[in-house]
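In: Give the three-dimensional model of this entry:
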Amino acid sequence: MEEALRKAKAALPRGGKQLAEELGISHQAVYAWKVCPVERAPDVERITGVPRHELRPDFWPPAAAARSSGRPARGKARRQ
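Out: As a prediction, the model looks like this:
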């Protein structure tokens, strides 16, 4: 998840600062993220092109699993 957030920042010419501007939040907030907040993932996906299932695989299953269920996962991943 941390790598996906780095990838999202790198997708923009001005990195995290531009991402923050596009989201309408401070750049300090974006730089404080260890992982992308769940509520921000759809917007980060739209802005950067990094899929939400890469940003938060604990909330959205990988693309193949999402197609089969038709719905995003809810809450934390189930314990095996």
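In: show me the residues around Gly15 that make contact.
Out: Lys9 (C-beta atoms under 8 Å, 6 or more residues apart in numbering). Any C-beta I mention is one placed from the backbone N, CA and C, and that applies to glycine too.
In: Tell me how far Gly15 lies from Lys7.
Out: Distance, Gly15 to Lys7, by C-beta to C-beta, to the nearest Å: 11 Å.
In: I'd like to know how many residues surround Ala11.
Out: 15 (other C-beta atoms under 10 Å).
In: Now do the contacts for Arg56.
Out: Contacts of Arg56 by C-beta under 8 Å, 6+ apart are Met1, Val35, Cys36, Val38, Ala41.
In: Give me the PyMOL select line for these, limited to the buried ones.
Out: Buried residues within those, by 16 or more other C-beta atoms under 10 Å, are selected in PyMOL with:
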select buried, resi 36+41
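In: out of the contacts of Arg56, who's nearest Ala29?
Out: Proximity of these to Ala29 (C-beta to C-beta) peaks at Cys36, which lies at 11.6 Å.
In: Including distance to Ser26 and pLDDT, could the contacts of Arg56 go into a markdown table?
Out: Listed next are the contacts of Arg56 as a markdown table, based on distance: C-beta to C-beta, whole Å; pLDDT from 0 to 100:
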| residue | distance to Ser26 | pLDDT |
| --- | --- | --- |
| Met1 | 21 | 76 |
| Val35 | 18 | 92 |
| Cys36 | 16 | 94 |
| Val38 | 19 | 95 |
| Ala41 | 18 | 95 |
